[in-house]
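Enquirer: sequence first, predicted model second:
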Amino acid sequence: MTVGTTAETEGCRSTASRVRRWVAAALAVVTAAGTAACAGPPTGGDVKTTVLSQGHNNVLIFARGPDPGMSPTQLVSNFLQALTGDQKDPSFIVAQEYLTADGRKLWAQEGLGGNAPTKIVDHLLPVLDDQGAAAGRGNRPAPAATASPKDGDTATVTVQSDQRAELDPYGFYRIKQGPLPVKFDLTREQGGWRINDPPPFRMIDEGSFKRVYQINQSAMPIYLPASGSLDTPVDQVYLTQATGKVDYTYDALARAVLHGRGDYAVSRLQPDGPVKVNAGVAVVKLKVPPGGPPDLTEVQQALRLTFRDAAATQQLAAVTPPVTGIQVTYTGCTPTACGVQDLNKDNAVPPVYWVCPQASNESAVVFKQLSANPLLNNGPSVCPPNSAKAHSEVDLSGLSLVKDAPMAVKRNDTAADGKTPSSSIVAAVLARDAKGAGVVVVGDKNSVDHRVWYQTVDPSKITDLEWDPVDGSLWVVDGHTLVHVRDPGGKEPSSDSWDALQDPPGGVQITRFKPAPDGSRAVIVTGQTASGSSAGPWPAQMVAIDRTGEVPMLSNTVFPLLSSDPGDTLLSASLASATDAAWADGRTVVLLGVPKDSNTVRLLKVYADGSQDSAISAVEDAQPAAKHIAAATSVTNGRHMLWVFSDGTGPAADPGNSYVYFKSHGATDISNQELGSTPVVATSASG
């Protein structure tokens with residue numbers, strides 16, 4: 001088997017390709033399917049219905065064993081179809097029947113029995129090479145092609161495809177593009193053609209990836225050990241689930257947590273045997289590293305959150321008894337340090353903040369702590385009608401806020417020594433002054449601490465304010481220009497305390513800039529309408545944030561979101577225009593915009609790794625007149641929930657007032673609204 005060169009473009013984009021989203025997510029178990037794959041069983045030949053991964057895969061695949069009458073191309077195509085199942089299962093019983101004795105030896109030595117990656121390709125098209133050029137076995141030349149092949153004849157089949165992405169052994173998805181021709185050397189044996197040299201990876205086409213692993217299985221969040229921050233970084237993987245074998249699933253999740261994305265493990269801790277589930281408790285045993293017993297704080301948090309979210313997925317929610325606890329331990333660990341932790345001890349919904357109008361042109365920043373229990377959301381209004389006095393979480397005395405202007409809220413809650421600190425709320429608001437308007441930073445403790453960080457003549461050009469989660473600075477979008485703003489330190493704001501990014505990626509007209517919770521990348525919303533061309537422009541795109549210099553910069557390479565090439569059928573929806581975007585968590589982005597072939601404003605959800613997207617179905621979830629949205633996720637009562645907040649006239653369609661509309665999606669759909677505008681979920685940041 002010969003593999004052609006693949007043009008690796010991780011972090012960059014081929015304009016002819018549909019794969020144009022970000023870097024990271026999903027598949028700790030994989031499917032390979034040839035172009036002959038179909039929804040029903042194949043016709044003819046010896047058809048076997050089998051769970052190919054020995055009980056680790058509950059997606060039944062109709063695998064066709066080799067038939068003496070198969071041509072070389074048919075045999076390779078059916079081999080790829082049979083090569084389906086769990087990445088860590090070395091058997092693939094039916095697939096091995098397609099191999100020669102030498103092929104099975106190679107399989108055991110270096111092939112699919114190990115941690116093989118999986119190539120996601122646009123299609124799988126086996127083509128029979130010129131028989132005169134086919135490779136022989138050893139130094140014996142290949143015989144000329146004959147109408148009736150004989151034992152010992154050889155053939156070469158090339159599978160032509162273009163690679164779109166790759167799934168690593170731990171289930172993480174990454175973009176990796178370019179031509180991927182793979183040659184298979186075949187030998188004719190008594191039972192028909194057989195493959196001498198299986199590739200050291202699996203191959204799956206995009207349609208099969210979407211059908212088997214995105215429809216039948218859900219992406220599962222992976223939290224990663226992180227020092228200092230209360231917001232644990234999150235990624236995701238796709239796993240096929242084993243009916244009645246939850247131990248396997250939790251073991252795969254634990255290994256993904258400890259290794260993370262890339263070639264180097266994020267933790268020095270390694271598993272000491274597989275995860276065991278007993279009486280509702282998942283036990284993760286770790287090896288004691290050199291240097292003595294480890295500090296488990298960060299790993300325990302990451303594993304607990306990962307297992308909490310996994311237990312709430314559709315695949316595992318029905319497990320009996322349900323997994324409700326986790327124990328992370330090692331040989332010699334005390335019950336105090338390595339006790340059982342409750343998976344559901346933190347099920348609160350992140351609070352949402354917004355601007356509440358007050359009498360005499362004043363305002364208040366209010367918040368609401370929502371609940372998965374509908375009855376608990378129906379208490380007194382936080383923002384009372386008729387401009388009645390409301391308690392403000394930050395001091396806005398003497399400030400006249402610009403109506404419907406953006407606002408940013410952050411929590412200064414960096415953890416120290418693993419302890420949870422008390423949160424301190426800081427807001428950045430746009431307030432009118434003698435010079436036009438200033439971006440004023442206000443706190444919740446010092447009533448006279450109003451600091452102007454940025455000044456503008458025309459407040460209407462300020463379309464976004466966002467706190468940076470890494471350094472506590474502020475991002476301002478001013479007249480389509482992105483400005484990085486720092487605390488002027490008691491002085492008047494000037495160019496000494498802010499830097500304008502002179503060259504936005506691709507020359508786009510930025511209207512919104514939304515940094516990811518970990519600060520590694522950002523979603524950019526533009527004022528541009530999709531043209532339908534693969535070269536853009538695009539209403540929404542993702543870009544990396546380069547923090548190697550003194551001032552954060554944006555990568556010149558962009559990844560359009562929900563912008564399909566002509567003929568692309570894999571996207572659930574594609575955007576014609578976008579108004580706003582919000583990170584619900586570290587892996588999920590919610591977009592507010594108008595899809596192509598529609599005149600209706602909708603909410604659409606995309607995963608930051610580029611592996612999946614979907615429309616949020618209910619039309620009323622997005623207010624037609626909304627200017628701003630915010631989003632959050634929670635695991636409440638053992639179920640995942642997505643919360644979206646928008647501002648506009650509200651479902652009541654009251655043109656005289658602006659409302660903040662709350663909507664949840666998940667086990668329980670909850671809606672609620674209050675007077676006000678500009679909903680935001682606080683950024684967790686230091687500084």
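Expert: Arrived safely, thanks for sending. Keep in mind that what you see is a predicted model, and the values were worked out from it rather than measured.
Enquirer: who's in contact with the nearest residue to residue 299 once chain neighbours are set aside?
Expert: Spatial nearest neighbour of residue 299, chain neighbours left out: residue 225 (5.1 Å); criterion: Cβ to Cβ, 6 or more residues apart in numbering. No exception for glycine: its C-beta is placed from N, CA and C like everyone else's. Taking Cβ atoms under 8 Å, 6 or more residues apart in numbering, we find residue 225 in contact with 232, 257, 266-267, 298-299, 301-302.
Enquirer: 6 Å instead, please
Expert: By Cβ atoms under 6 Å, 6 or more residues apart in numbering, residue 225 lies in contact with 266-267, 298-299, 302.
Enquirer: and of those, the nearest to residue 199?
Expert: residue 266 (28.8 Å; Cβ to Cβ).
Enquirer: wait, the closest one touches residue 222, no?
Expert: No - using Cβ atoms under 6 Å, residue 266 is not in contact with residue 222, being 10.3 Å away.
Enquirer: so between those two, which is more surrounded?
Expert: Under the neighbour definition other Cβ atoms under 10 Å, residue 266 and residue 222 were set side by side, and residue 222 has more, 32 against 19.
Enquirer: what helices and strands are in contact with the helix or strand where residue 499 lies?
Expert: Element membership for residue 499, per DSSP states H and E: strand 498-500. Secondary-structure packing of strand 498-500 (3 or more Cβ pairs under 6 Å, 6 or more residues apart in numbering; DSSP states H and E): strand 481-485.
Enquirer: so which bits of whichever strand or helix holds residue 186 are buried?
Expert: Using DSSP H and E, residue 186 sits within strand 182-189. Buried residues in strand 182-189, counted by 16 or more other Cβ atoms under 10 Å: 182-188.
Enquirer: and of these, the nearest to residue 372?
Expert: residue 182 (48.9 Å).
Enquirer: kindly provide the distance from the closest one to residue 103.
Expert: Distance of residue 182 to residue 103, given as Cβ to Cβ, to the nearest Å: 14 Å.
Enquirer: now swap in residue 425 and tell me
Expert: From residue 425 to residue 103 the distance is 63 Å (Cβ to Cβ).
Enquirer: can you check residue 517 too?
Expert: Taking Cβ to Cβ, one finds residue 517 at 47 Å from residue 103.
Enquirer: can you check residue 245 too?
Expert: For residue 245, the distance to residue 103 - Cβ to Cβ - is 29 Å.
Enquirer: also residue 299?
Expert: Taking Cβ to Cβ, one finds residue 299 at 41 Å from residue 103.
Enquirer: likewise residue 289?
Expert: 39 Å.
Enquirer: repeat that for residue 434.
Expert: In terms of Cβ to Cβ, residue 434 sits 80 Å off from residue 103.
Enquirer: so the two - more neighbours on which side?
Expert: Each of residue 434 and residue 103 has its neighbours counted (other Cβ under 10 Å); residue 103 has more, 22 against 6.
Enquirer: for the helix or strand hosting the more buried one, which positions count as buried?
Expert: Assigned by DSSP H and E, residue 103 belongs to helix 101-110. By neighbour count on 16+ other Cβ under 10 Å, the buried set for helix 101-110 is 103-104, 106-107.
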